[in-house]
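J.: one predicted model, sequence on top.
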Amino acid sequence: MKKTVLILVAVAAAGALFLPIRDRSDHADRPGETPQAVAPEEELTMKQHILERDVAITATLCRRQCRADLAKALDEIRSAEAAPERVLADLKQRQPKMIYVKWLDAAGNTVEQGRLPDQYRGALAPYIGEAERAARRGEPYESETIHAGEKEFFVFLQPGADGRASLTAVVQPGILDELQVEQRKNLRIVPYPSDKRWKVESVDADSKRDVDVDHPEQNEGTSHYYKQEVVVKFRREPAQAELDRMCAEIACTSFKKLKLGHTFVFTSRHNDAKAMMEYFKAKWDPVYTEPHYLYLTNQVSRSDANDPNDPNVADVAAPNDVLFAPYQWNLPLIETLEGWTITRGSEAVRVAVVDTGVDLDHPDLQQNLIDGVNIVNPDLPPDDDVGHGTHVAGVIAATVNNTEGVAGISWYNKVMPVKVLDETGAGSTYSVAQGIIWATDNGARVINMSLGNYVDAEFLHDAIRYAYERDVVLIAATGNDNTDDPGYPAAYPEVFAVSATDAWNERAIFSNYGDYVDVVAPGVNIASTYAGSQYAALSGTSMASPHVAALAAMIRSVNPDLTNAEVMEIMRTSVVDLGDAGRDKYYGYGLIDVKKALESASQHGNSLLLWPRRLERGVSERMGFTPSP
């Protein structure tokens, strides 16, 4: 297998943590150069560099948002819109990472919310003292990162206009170490999964032979499955007596049925997957039997956002979200603001985020979330205990123009959280398939899947076909192993496959590639929402995919009559061509262009039927369609 990457251009501007944007026309009109090959260890070094920038940008996102929140709270107190007690309570509820906030008025009276942990008071005291001295000078204050034990803190102070009042906050972000752990897995800097509680085995995706994953490079082309579980699709529904017999003969501890067809997952007390597959093939003549694979993490309300009488649609300026201008390089790069002059989405078009769940209390997401489901634990809401799904959701639909955090690509499309991955960022074929079916049955018009592995599992493909046949647009990330091994579900012909680029329109060094790639979208140092009402910068094809899911939702908003095949063809034909002229394995058809795609969708007549190129690979025939000449 030939393995190549694009050399990352490092930005070394002192204090500048955002990525500069090169003029699109400078790159789009010339063929890209052949990516340069690098050694595996060099690739890991480059991935580590991207991770370090993610962490550094995340720290600055936290600081900038905290400053903005304090300034806003101070303005509310000054204007007497609410009592200081209420303002501080709201502030702490909205930003739980502010563990302690204190208002000092001009008369020396104080109002406090939260408390300083006793074990860290000594370490924090000098910085709080510096903040108080700054307040007496009428100056704002922001501390360096304070390391106390294994925790990190910031201290902020905003002075009142009279030089005597002040608002102080102690912040414990609690996100940086967690982000490093998760992103080392997502970018495949470490072997993953490595948690022995999963009781998993690893196989080569092509040969299905067992392999040991003890180095990050061995993640490529490798898939993981549960040792003592097997998936079986029967030709007819087994009777209860037959199921009882199967369970007795394989020492079955449990089984569960997928809603779709006659497909079951069996768990054995001591038989391994290989032995159970041989048993079912020999005795029950199934349609197929396969291992049970594991998938990994690669305030306006309106019913019609396309109202021509809406005065805001004609001209859309840069949004006032506090983190947009300095950090969201990705939205201007794909002509998002220009696209907002055509549509900003519609509540009628729902986007399902099939992922780790979403932070249901995030102040920048709440108004754009609708009811979802927790497949992992049906008794609980689809809350995010990892951060990955929350980040994906924010790229699609973080509230725009609310002076808070980041801006999503869509203003009005609603996100449906579908939790199929657990607290380790992994989930089974069963949970992912169930999530896709549930989202389809509950009105999702677009499904984003920032997850995958390297095995073409029939079990999952059945669920994918179920959604596609019901006119859902399916979007998936290709993966972060810098390999041309097809990643699934992205490589299924019914799915629109997305790889990642950086701020210079070059392929991200981690991004998978291959003939199945449809388009590319920004996926390096992407600022978005994160679990715990926070914000983070993450990198991965997982971040590129929701850019495209948001675009698909907006296309369906501006022209609801388009089929899923037509939506996908519009996204392929409205790109900025990158790399070699035409389609290539590194950039697919090219970089998405929001304005161009929405213009095409708005002008698309219902009588014109476009047949996507991927249907030529046999999907149309399987579904009984006959493409027009």
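T.: Received, thanks.

J.: kindly export the helix or strand residue 395 falls within (C-alpha atoms) in PDB.
T.: Taking DSSP states H and E as the definition, one finds residue 395 inside helix 388-397. Coordinates of each C-alpha in helix 388-397 appear next as PDB, following Å, rounded to 0.1, in the frame of the first residue of the first chain:
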ATOM      1  CA  HIS A 388     -17.000  14.300  20.400                       C
ATOM      2  CA  GLY A 389     -20.700  14.400  19.400                       C
ATOM      3  CA  THR A 390     -21.100  17.900  21.000                       C
ATOM      4  CA  HIS A 391     -18.300  19.200  18.800                       C
ATOM      5  CA  VAL A 392     -19.800  17.700  15.700                       C
ATOM      6  CA  ALA A 393     -23.200  19.100  16.600                       C
ATOM      7  CA  GLY A 394     -21.700  22.600  17.100                       C
ATOM      8  CA  VAL A 395     -20.200  22.600  13.600                       C
ATOM      9  CA  ILE A 396     -23.600  22.000  12.200                       C
ATOM     10  CA  ALA A 397     -25.900  24.100  14.400                       C
END
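
J.: tell me the helix or strand right after it.
T.: strand 414-419.

J.: which elements pack onto the next helix-or-strand element following that next one?
T.: Counting by DSSP H and E, the next helix or strand C-terminal to strand 414-419 is strand 426-428. If contacts are counted by 3 or more C-beta pairs under 8 Å, 6 or more residues apart in numbering; DSSP states H and E, strand 426-428 sits against strand 288-296. Just so you know, the C-beta spots here come from the backbone N, C-alpha and C atoms, and that holds for glycine as well.

J.: name the helices or strands packed onto the biggest strand by length in the chain?
T.: The single longest strand within the chain, with elements called by DSSP state E, is strand 222-233. Helices and strands touching strand 222-233, by 3+ C-beta pairs under 8 Å, 6+ apart, are strand 200-204, strand 263-268, helix 273-284, strand 288-296, helix 458-469.

J.: so for residue 96, which of those sits nearest?
T.: strand 288-296 (28.2 Å; C-beta to C-beta).

J.: return the distance of that closest one from the chain's centre.
T.: 23 Å (C-alpha atoms, centre = their mean, to the nearest Å).

J.: could you check the angle that strand makes with helix 273-284?
T.: Per axes from the mean of the first three to the mean of the last three C-alpha atoms, to 10 degrees, the angle that strand 288-296 makes with helix 273-284 is 150 degrees.

J.: pull the CA atoms of strand 288-296 into PDB?
T.: The C-alpha trace of strand 288-296 is given here as PDB (Å, rounded to 0.1, in the frame of the first residue of the first chain):
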ATOM      1  CA  TYR A 288     -24.700 -14.100   6.500                       C
ATOM      2  CA  THR A 289     -22.900 -14.400   9.800                       C
ATOM      3  CA  GLU A 290     -20.100 -12.100  10.800                       C
ATOM      4  CA  PRO A 291     -18.200 -10.800  13.900                       C
ATOM      5  CA  HIS A 292     -19.900  -8.000  15.900                       C
ATOM      6  CA  TYR A 293     -17.700  -5.100  14.900                       C
ATOM      7  CA  LEU A 294     -16.700  -2.100  16.900                       C
ATOM      8  CA  TYR A 295     -17.000   1.500  15.500                       C
ATOM      9  CA  LEU A 296     -14.800   4.300  16.800                       C
END
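
J.: go through the lengthiest helix in the chain and flag the buried ones.
T.: Across the chain, the longest stretch assigned as helix under DSSP state H is helix 40-78. For helix 40-78, the neighbour count (16 or more other C-beta atoms under 10 Å) marks 43-44, 46-47, 50-51, 53-55, 57-74, 76-77 as buried.

J.: domains in this structure, by residue range?
T.: 56-173, 312-623 (automatic domain parsing).

J.: okay, those, which one's buried deepest?
T.: Neighbour counts (mean count of other C-beta atoms under 10 Å) averaged over each of the domains of the chain peak at domain 312-623, with a mean of 23.

J.: list the neighbouring strands of the longest strand of the chain plus their orientation.
T.: Its sheet considered, strand 222-233 pairs with strand 200-204 (antiparallel), strand 263-268 (antiparallel), strand 288-296 (antiparallel) by DSSP bridges.

J.: comparing these by mean pLDDT, which bottoms out?
T.: Comparing mean pLDDT over the strands paired with strand 222-233, the weakest stretch is strand 200-204, at a mean of 51.

J.: okay, now the unreliable bits of the chain?
T.: Within the chain, the stretches with pLDDT under 70 are 1-42, 81, 162-163, 176-177, 180-223, 296-316, 605-629.

J.: quick check: closest non-adjacent residue to the residue nearest the centre of the chain.
T.: Taking C-alpha atoms, centre = their mean, the centroid of the chain lies closest to residue 392, which sits 2.5 Å from it. Excluding the flanking residues, the one nearest residue 392 by C-beta to C-beta, 6 or more residues apart in numbering is residue 546, at 4.7 Å.

J.: helix or strand right after the host helix or strand of that neighbour?
T.: Assigned by DSSP H and E, residue 546 falls within helix 541-558. Heading C-terminal from helix 541-558, the first helix or strand you meet, by DSSP H and E, is helix 564-573.

J.: quick check: next helix or strand after that next one?
T.: Next along from helix 564-573, by DSSP H and E: helix 594-603.

J.: that next one versus helix 564-573: what angle between them?
T.: Orientation note: helix 594-603 sits at an angle of 140 degrees relative to helix 564-573 (the same axes, to 10 degrees).

J.: may I have helix 594-603 exported as PDB, CA atoms only?
T.: Provided in PDB are the C-alpha atoms of helix 594-603 (Å, rounded to 0.1, in the frame of the first residue of the first chain):
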ATOM      1  CA  VAL A 594     -21.700  26.500   0.400                       C
ATOM      2  CA  LYS A 595     -22.800  29.500  -1.700                       C
ATOM      3  CA  LYS A 596     -22.300  27.700  -5.000                       C
ATOM      4  CA  ALA A 597     -24.100  24.600  -3.800                       C
ATOM      5  CA  LEU A 598     -27.100  26.600  -2.500                       C
ATOM      6  CA  GLU A 599     -27.300  28.600  -5.700                       C
ATOM      7  CA  SER A 600     -27.400  25.300  -7.600                       C
ATOM      8  CA  ALA A 601     -30.100  23.800  -5.300                       C
ATOM      9  CA  SER A 602     -32.300  26.900  -5.500                       C
ATOM     10  CA  GLN A 603     -32.200  26.800  -9.300                       C
END
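
J.: show me what the helix holding residue 395 is packed against.
T.: With contacts defined as 3+ C-beta pairs under 8 Å, 6+ apart, helix 388-397 has these neighbours: strand 350-355, strand 414-419, strand 526-530, strand 534-538, helix 541-558.

J.: can you list the domains of the chain in TSV and add distance to residue 279?
T.: Formatted as TSV, the domains of the chain follow (distance: least, C-beta to C-beta, whole Å):
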stretch	distance to residue 279
domain 56-173	49
domain 312-623	18
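
J.: closest to residue 239 out of the ones you listed?
T.: Using C-beta to C-beta, the domains of the chain put domain 312-623 closest to residue 239, at 21.8 Å.

J.: next one: phi and psi at the residue of the chain most remote from its centre?
T.: Each residue of the chain has a distance to the centre, and by C-alpha atoms, centre = their mean the biggest one is for residue 107: 48.2 Å. The phi/psi pair for residue 107 (degrees, to the nearest 10) reads phi -90, psi 0.

J.: still on that earlier bit, and of the domains of the chain, who's closest to residue 233?
T.: So among the domains of the chain, domain 312-623 is nearest, using C-beta to C-beta, at 6.9 Å.

J.: my guess is residue 477 meets residue 449, correct?
T.: Yes - Residue 477 lies in contact with residue 449 (C-beta atoms under 8 Å); the separation is 7.2 Å.
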